[in-house]
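Predicted model and sequence below, questions to follow.
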Amino acid sequence: MTGLATWKYQRERTVFILCGATGLRIGEALGLEIGKHVSSDFQTLTIAQKIRHCKVEERLKTSSAFREVYLPLAIAAMLKEFVGDRKVGFLFCTGSGKPLSSSCILRRHLHSALKQMN
C-alpha cells in the first residue's frame with residue numbers, strides 16, 4: 001500500500017488510497033458522485049451505485065453493499081483537496097467528465113505501479 005500511496009498520478013493515487021483505506025471495490029469508488037454520494041464535510045461516502053464498463057449501474061454486488069462509509073480525517077482531508085472547488089460530477093472522471101473505466105485503472109496504473117515496486 002505504501003508504494004501505491006506514492007504513485008505519480010494524483011487521480012489514480014487517490015483511488016488507490018481511498019479503496020485501501022475504506023475497503024471499497026473499484027467500481028464503487030468510481031461510481032461516487034460529488035454532491036450526491038460525498039458529504040459536504042468529506043467524512044461520509046454513500047455507496048449506492050457502481051461503474052461497470054464505463055456505465056453507471058445502481059445494482060451493487062450484494063444488497064448489503066448499499067451502505068455509508070465513514071472516512072478517517074486524513075483521508076477526508078485528502079479527498080477534499082483532490083476535489084478542490086468542484087461541486088458536481090463523478091469524483092473520479094475523465095477530462096470530459098465521463099466515468100473512468102475500472103480496467104483503465106487496473107491495466108494502466110495498478111499493474112504498472114506494482115511492476116515498478118517489484
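Arrived safely. Numbers count the residues shown, from 1 in each chain.

now for the helix or strand containing V15, which elements pack on it?
In this assignment (DSSP states H and E), V15 forms part of helix 10-22. Other helices and strands packing on helix 10-22, by 3 or more C-beta pairs under 8 Å, 6 or more residues apart in numbering; DSSP states H and E, are helix 26-30, helix 73-83. In short, each C-beta sits where N, CA and C put it, glycine included.

Please tell me how far the first one is from the chain's geometric centre.
So that's helix 26-30. Distance of helix 26-30 from the chain centroid (C-alpha atoms, centre = their mean, to the nearest Å) equals 5 Å.

Counting by contacts, list what the helix or strand just after it packs against.
Next along the chain after helix 26-30, taking DSSP H and E as the criterion, comes strand 44-47. Applying 3+ C-beta pairs under 8 Å, 6+ apart, one finds that strand 44-47 makes contact with strand 67-70.

any low-confidence regions in this structure?
Within the chain, the ranges that satisfy pLDDT under 70 run 1-8, 108-114, 117.

I'm done for today, thanks for sticking with me.
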